[in-house]
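> Give me coordinates for this.
(chains A and B)
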Amino acid sequence: MRDVPENPARDRARRGADGLTMGDADIHRRDFLKMGAGAAGALVLGFRVPVRGQESRGPDPSVFAPNAWLQITPDDRVIVFVEKPELGQGSRTYTPMMIAEELEVEWSAIRVEQAPTVPSIYGHLRTGSSGGVTTMYTSMRRVGAQAREMLLTAAAQRWNVPRTDCYAERSAVVHRPSRRQLRYGELAEAASRLPVINADAVALKQPQNFRFIGKNLPRTDVPDKVDGRAVFGVDVRVPGMVFAVIARCPFVDGRRLVSCDAAAAKATLGVRAVFAVPALPRHLNTAGGVAVVADSTWAAIQGRKALVLEWDKSGSASTDESTAGLRQRMAQQTAGPPTFVAADRGDALEALADVVKRVDATYESPFQAHATMEPMNTTVHVRDGEIEVWSPTQFADEVQSEIAALSGLPRDNVIVHMTLSGGSFGRRYQWDYAAEAWQVAREVKRPVQLLWTREDDMQHDFYRPYNYQRLAGGFDVRGELVAWSTRVVTTPIAGSNVYNEIAESPQALKDPGVVAALEWYGADVAPYAMPNFRLDYAPVDSPVHRSWWRSVSSSYTPFAKESFVDELAYASGRDPLRFRMELLAGDSPDTVRVRKVLQVAADQSRWGRTLPKRHGLGIACRWGQSCSAQVAEVFVDEEGAVHVLRIVSAVDCGIAVNPDGVRAMTEGAINFALTAVLTGEITIRDGAVEQSNFDDYRVLRINDAPEVDVHIVPSVEHPAGVGELGAMLVAPAVANAVFAATGVRVRRLPIDPSSLKPS
Amino acid sequence: MSHFTVTVNDRQCGVDVAPDTPLLWVLRDTLGLLGTKYGCGKGLCGACTVHLDGESRRSCQIPVASVGEKKITTIEGLSSDRSHPVQQAWIAEQVPQCGYCQSGQIMQAAAFLVKNPHPTPEQIDQAMRGNICRCATYQRIRRAIARVAAPTA
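Below you'll find the predicted structure:
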């Protein structure tokens, strides 16, 4: 793979002065395609290992590349190709850890590169649902084990000794009787000539023998992130490139551009072209507008300021959308018939009519922006019969297929480079910004980088759905909680923007299976014991774009559910921790796991201790593949401002592959979600988003960030995700702590300090 | 279009740009120094923080015409080999997640620690409150700064 690439353009994405290449710039894509072809018929159980085919021996036979994730060079370098995007969640560290564990290499030998976007080889060129570690855990270990076994065979053949007398250790094969050693680099060429073995047939190590998994390893991407070398989407530089911004239609319902005076924009220094960009349809959900292309980003921004645009208001069928109007529509949907009944155990409605004591509450959480630090951007070069794309995306294969569909080119002719992403939190699971960049690039016969300014990013996000949740619970004559009902009302993601594996069709939107995961997951009370339980759902239409926001529906369903558990505990005169433990009685593995994290969080926060005036502790828990409990400690000042002092989090995520990574994700997710609890809210007025930058969408800053104390519960279970876990419980934990401190129940987020002033 | 000579990381650089061009875009689009990041364009987030004569400043708010003789230091000029104590502390505490804001965080912390080598926790928060991190790596930022302030601790 060291020969001159057939397509020099792939090497063009270089840093300006220092010539630093993109992570994947020197990968020879054709070789991977050949490997893919060689893999036909070599698919193995549950995991595609594209094996090296006959023809792929071409480039460099001295490099050992048993599969598409791994290369070992004669100078002992181990190059790992990471297919998952690196958004800050650690894919470029956990992937090589899994491979290194089985390969038995020195950690210092590892080099990491982003895998090329070739979905026929790589099945995970995307990340979501906190699924990275979970989905790669077995397959990446097999990648390492496959290579190890072949290196063992190569050494045994070289020495002419029984293979069973050899073992692998620290990047070398050792012959046990003679203590002879051969470094992996010395074996690379011989191993590359061996027939590829079936990775699924190789035995994997037992957890007690792990050397890397379960240890705190430093992240491979950190060094380049402390000296400015890390290449994000905005840092892509291609010779001859120009820069663009788009003046988008500001109205959420989409309106016609009736006039455009571009004279002053075209006269702006550095501006090269001004042209209309049509809105792309609902599947892509771009606003459309007027593109300004210039020699520099600043010139493009200045040119855009000089545009005089008029949007047709009268042509719009709907009245001006507003948050006030939306709230009315949503409140109406909390009563009346649901669209789906998601769960119905026992007869909750009947039981609630019969209870001795009944509690009712409605909770509300508004739209939230992702507001990634790196705003949306993509660089595209449209050439004759080929398109090259550099995008900070968490969904590279979809970017490829969408641009192929838009352009009419075969998918293989759309080369997508996945750069580092400056945060994502679900935002980069959309491909709208890449599609827009392609729209601009096809008009400009040069590479063009489309940048969204912060204002663009804030006003044209796909927001977390607006939601209302109406809950009712009832106690019988013995004081036992016997019935619970929940109505979830959202502006559904499924009606706004879904990728083409879940088509946005009327049929799909009537399928509870499609809608469920996006809208009400997390609202079911299980494994709390509840003889009569009903969960139903009603959607509300909205022209505002919505999508996945870190932990999706689990970012708001626990706010209602776990706050309501608190309300029920107080209504029955019981301690909130004890009340939960009683609802979690029994020996099922689920209840045992949740009780454990609750107990750890309670112990570590010294639950039940006496606190100063207007201080409070609040607790919340969550059951799932990963279980967690959080205890928040707050102080509410005389002005009603909530100061979150400390969050204790207990996490059971199965095996913690990189415990420091689990802690980092948990600390970050909690403080990310705290914005939505304390200050964050996107509002609509006169048909447009009101917020535009960090002055009016106020995100958490360091002086408001609590210390987060993470406790990982030891486990030998298959690892589960933690990227979103921390974000799920901070709202109810804080809201419950506010109640403990003030006696005021928070039922709408973000918290309104005026409601918490002492009366 | 006007000609300016700016001193960036101890090098004299001539640039031909509009006088109102913010230093941020001169660094990124003209000089190819891409470690300094655009985040908000309004001095609200700190991603574009550089040093002007050792003071931390938001480069998105500084027209290139106003820089004059002042010496500009960007993340690329803080050290040539990640050896600056703040960079070392950032690695030791494993601060970055996505990393996009971290050039600005590090430049802010480096200038602050020169002025106040032994800050209290409150002073750290006050000094860093202008720098947003959406991955919310705040407690590791605190720890890294404290590590520089008290290297033996």
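
> Next up, the contacts around A:Ala441.
Listed by C-beta atoms under 8 Å, 6 or more residues apart in numbering or on different chains, the contact partners of A:Ala441 are A:Val380, A:His381, A:Val382, A:Ile387, A:Pro447, A:Val448, A:Leu450. Where you see a C-beta, it was placed from the backbone N, CA and C, and this is true even at glycine.

> same thing with A:Thr73?
A:Thr73 neighbours (C-beta under 8 Å, 6+ apart): A:Ser62, A:Val63, A:Phe64, A:Ile79, A:Gly185, A:Ala188.

> Count the residues that sit near residue 128.
As the question left the chain open, I've gone with chain A. 18 (other C-beta atoms under 10 Å in any protein chain shown).

> not what I meant, chain B
Neighbour tally, B:Met128, other C-beta under 10 Å: 23.

> Quick one: residues contacting the closest residue to it other than its chain neighbours.
Distance criterion C-beta to C-beta, 6 or more residues apart in numbering or on different chains; nearest residue to B:Met128, sequence neighbours excluded, is A:Ile702 at 4.7 Å. A:Ile702 makes contacts with B:Ile124, B:Asp125, B:Met128, B:Arg129, B:Asn131, B:Cys133, B:Tyr138, B:Ile141, B:Arg142, as judged by C-beta under 8 Å, 6+ apart.

> thought the third one was touching B:Ile141?
Yes - with contact defined as C-beta atoms under 8 Å, B:Met128 reaches B:Ile141; the gap is 6.2 Å.

> Now for the two: what residues contact both?
By C-beta under 8 Å, 6+ apart, the residues touching both B:Met128 and B:Ile141 are A:Ile702, B:Gln105, B:Ala109.

> Just the ones of the residues you listed in strands?
Assigned to strands by DSSP state E, none of the shared contacts of B:Met128 and B:Ile141 qualify.

> low-scoring stretches of the stretch 201-350 of chain A, by residue?
Of all residues in the stretch 201-350 of chain A, those with pLDDT under 70 make up the ranges A:282, A:314-319.

> how about 90 then?
Counting by pLDDT under 90, the stretch 201-350 of chain A has low-confidence residues at A:201, A:252-256, A:280-285, A:312-321, A:336, A:339-340.

> same question, chain B
Using pLDDT under 90, the flagged stretches of chain B are B:1, B:150-153.

> just checking, A:Pro512 touches A:Ala343?
No - taking C-beta under 8 Å as the definition, A:Pro512 is not a contact partner of A:Ala343, at 10.3 Å.

> higher neighbour count, the two?
Of the pair A:Pro512 and A:Ala343, A:Ala343 is the one with more neighbours under other C-beta under 10 Å, namely 17 against 14.

> ok now do the more buried one, which residues does it touch?
A:Asp524, A:Phe533, A:Arg534, A:Leu535.

> Tell me the secondary structure at the closest residue to A:Asn671 other than its chain neighbours.
Closest residue in space to A:Asn671, ignoring its immediate chain neighbours: B:Ala136 at 3.2 Å, by C-beta to C-beta, 6+ apart. Under DSSP: H, G, I helix; E, B strand; the rest coil, the three-state class of B:Ala136 is coil.

> was I right about B:Ala136 contacting A:Ala664?
No - in this structure B:Ala136 lies outside contact range of A:Ala664 using C-beta under 8 Å: 10.0 Å.

> and the spatially most central residue of chain B, what is it in contact with?
Nearest to the mean C-alpha position of chain B, by C-alpha atoms, centre = their mean, lies B:Met107 at 3.0 Å. Applying C-beta under 8 Å, 6+ apart to B:Met107 gives the contacts B:Thr49, B:Val50, B:His51, B:Ser56, B:Thr73, B:Thr74, B:Ile75, B:Leu78.

> Would you check which of those residues are in contact with chain A?
B:Thr74, B:Ile75, B:Leu78 (C-beta under 8 Å from any C-beta of the partner chain).

> Phi, psi for the first one please.
Dihedral angles phi and psi of B:Thr74 (degrees, to the nearest 10) take the values phi -110, psi 180.

> burial measure for it, as a count.
Neighbour number of B:Thr74 under other C-beta under 10 Å is 24.

> Show the contacting residues for it.
Taking C-beta under 8 Å, 6+ apart, one finds A:Gly228, B:Val8, B:Asn9, B:Leu27, B:Leu33, B:Gly35, B:Thr36, B:Val50, B:His51, B:Ser103, B:Met107 in contact with B:Thr74.

> Please apply the same query to the second one.
B:Ile75 makes contact with A:Asp227, A:Gly228, B:Gly35, B:Thr36, B:Val50, B:Ser103, B:Ile106, B:Met107 under the criterion C-beta under 8 Å, 6+ apart.

> Greatest separation within the residues you listed: which pair is it?
A:Asp227 and B:Val50 (14.1 Å; C-beta to C-beta).

> who has more neighbours, these two?
B:Val50 (29 against 23).

> Could you check how far the helix or strand hosting the more buried one is from the centre of its chain?
B:Val50 belongs to strand B:49-52 when elements are defined using DSSP states H and E. Distance, stretch centre to chain centre, for strand B:49-52: 5 Å (C-alpha atoms, centre = their mean, to the nearest Å).

> ok, it: who's next to it in the sheet?
strand B:55-58 (antiparallel), strand B:71-73 (antiparallel) (DSSP bridges).

> Count the neighbours of the residue in the stretch 51-200 of chain A that chain B sits nearest to for me.
Closest contact between the stretch 51-200 of chain A and chain B, by C-beta to the nearest C-beta, is at A:Gly88 (3.2 Å). Residues lying near A:Gly88 (other C-beta under 10 Å) number 29.

> Over to A:Glu386?
By other C-beta under 10 Å, neighbour count at A:Glu386 equals 16.

> For the stretch 451-600 of chain A, what lies in contact range of chain B?
A:Leu451, A:Thr453, A:Arg454.

> So what's the residue count around the last one?
Around A:Arg454 sit 23 other residues, with neighbours defined as other C-beta under 10 Å.
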